[in-house]
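**Q** Based on what follows, work out the 3D shape:
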Amino acid sequence: MFTTCCDDIRVFTPSAFTKQGGRSNELGLEKKKKRKRDRERKKKEKKEKKRRRRKETSRKASQRKGLLDLV
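**A** Here you go, the predicted structure:
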């Protein structure tokens, strides 16, 4: 074990090394960014799906109305 003037044991834990900006921290940030991108993409897809469904429903409704007008 290393000895320091403050003898703070937490300084030497692996998580502390990553927090100081090591390579593994960069990987963590990349994963975080990827997750964020995926989340945003999913949200956009969901919105698009809802929009399409609304469009489809209104189209069907107008078709029904058109059929009723003919009768």
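**Q** Can you get me a residue count around Gly28?
**A** Applying the criterion other CB atoms under 10 Å, we find 13 residues in the vicinity of Gly28. Yep, even glycine has a C-beta here, placed from its N, CA and C like the rest.
**Q** i'd like the first residue to be 204 from this point on
**A** Sounds good: first residue 204 from here, last item Gly231.
**Q** what about it, helix or strand, and which?
**A** Under the criterion of DSSP states H and E, Gly231 resides in helix 226-273.
**Q** which helices and strands sit right next to that helix?
**A** In this structure, helix 226-273 makes packing contacts with helix 217-222, judged by 3 or more CB pairs under 8 Å, 6 or more residues apart in numbering; DSSP states H and E.
**Q** pLDDT (mean, whole number) over the helix it packs on?
**A** The pLDDT scores in helix 217-222 average 56.
**Q** again with stretch 261-274
**A** Summarised as a single mean, pLDDT over stretch 261-274 is 80.
**Q** Keeping just the C-alphas, turn that stretch into CSV.
**A** The C-alpha atoms that make up stretch 261-274 are tabulated as CSV, following Å, rounded to 0.1, in the frame of the first residue of the first chain:
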residue,chain,number,x,y,z
SER,A,261,-57.4,11.2,-39.4
ARG,A,262,-57.2,9.8,-42.9
LYS,A,263,-59.4,6.8,-42.1
ALA,A,264,-61.9,9.2,-40.4
SER,A,265,-62.1,11.4,-43.4
GLN,A,266,-62.6,8.4,-45.6
ARG,A,267,-65.5,7.3,-43.4
LYS,A,268,-67.0,10.7,-43.5
GLY,A,269,-66.7,10.7,-47.3
LEU,A,270,-68.5,7.4,-47.5
LEU,A,271,-71.3,8.7,-45.2
ASP,A,272,-71.7,11.7,-47.5
LEU,A,273,-72.3,9.4,-50.4
VAL,A,274,-75.2,7.6,-48.7
